[in-house]
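Build me a model:
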Amino acid sequence: MSVRELAPRLWRWTATHPDADPDPEPGSPADWPAEVGSVAYETEETLVLVDPLLAADDDSVERFIDERARRRHVHILTTVPWHRRSRAELAARYGAETSRAKRNLPPGVETISIRRAGETMIWIPEYGALVPGDRILGDGAGGVRLCPESWLRYLPSGLRLSELRAELKPLLELPIELVLVSHGEPVLEQAHDALAAALH
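Residues are numbered from 1 along each chain as shown. Okay, here's the model as predicted:
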């Protein structure tokens, strides 16, 4: 595992999720790759971590965070409730802020609430970087796709996949350059086009 720099002060890493199903049924709620992505972004005063997961057998990410946390406050953002992952451990270690309330966000970071979909995406305007949780996934072919319909069954809104597509279309108004998915490969080129194709 290593931390990959995507742009100055913007990084992504992956780690194996301990609860991943090694042989999930395609399209089922467990149908996601064991390797999940996390994002780090440095502002002038804050190190922002999105859905961070630490690996059990590799401390390289911890050392990376330690180095930056000495100089900055740490703010941990979570896109969906079950992406808390290593949040509690890191919050205790660094005295980190975990609020997604807009008034508490560090400058340079915004949240986009997709209420009916039960998700809060993170938007980093400096790099046109969209960080979704479970509603937008890598498609294995360099683009993105929507989550399986089965991933929506627990939502109290009763949202269907066709409705999710409509809920997400306002994202296309953003100048998206990167889509840093949690599940699958991030889209680092022509990301706006890739998202538009997924929402067509």
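
Longest helix in the chain, by number of residues?
helix 60-69 (DSSP state H).

Show me where the protein has its helices.
For the chain, applying DSSP H gives helices covering 60-69, 87-94, 161-168, 191-198.

got the angle for the second one vs helix 60-69?
What that stands for is helix 87-94. If you take axes from the mean of the first three to the mean of the last three C-alpha atoms, to 10 degrees, helix 87-94 sits at 40 degrees to helix 60-69.

Name the residues of helix 87-94 that come out as buried.
For helix 87-94, the neighbour count (16 or more other C-beta atoms under 10 Å) marks Arg87, Leu90, Ala91, Tyr94 as buried. For every residue, glycine as well, the C-beta is placed using N, CA and C.

name the helices or strands packed onto it?
Counting contacts by 3 or more C-beta pairs under 8 Å, 6 or more residues apart in numbering; DSSP states H and E, helix 87-94 packs against helix 60-69, strand 73-77.

Tell me the spacing between Ser60 and Val50.
Ser60 sits 18 Å away from Val50, going by C-beta to C-beta, to the nearest Å.

from memory Glu183 sits against Val36, does it?
Quick fix: residue 183 reads His, not Glu. Yes: with contact defined as C-beta atoms under 8 Å, His183 counts as touching Val36 (6.3 Å).

picking up where we left off before, figure out how far the longest helix of the chain is from the centre of its chain.
Computed by C-alpha atoms, centre = their mean, to the nearest Å, the separation of helix 60-69 from the middle of its chain amounts to 19 Å.

Then stretch 115-125?
The chain centroid and the centroid of stretch 115-125 are separated by 9 Å, computed with C-alpha atoms, centre = their mean.

Would you indicate which residues of it are buried?
Counting neighbours by 16+ other C-beta under 10 Å, one finds that the buried residues in stretch 115-125 are Arg116, Ala117, Gly118, Glu119, Thr120, Met121, Ile122, Trp123, Ile124.

what sits up against it?
For stretch 115-125, contacts defined as C-beta atoms under 8 Å, 6 or more residues apart in numbering pick out 10, 39, 41, 50, 77-81, 100, 108-114, 129-135, 152, 155, 157, 159, 163-164, 167-168, 171, 174.

Report the buried residues of stretch 172-192.
Under the neighbour-count criterion of 16+ other C-beta under 10 Å, stretch 172-192 has 176-187, 191-192 buried.
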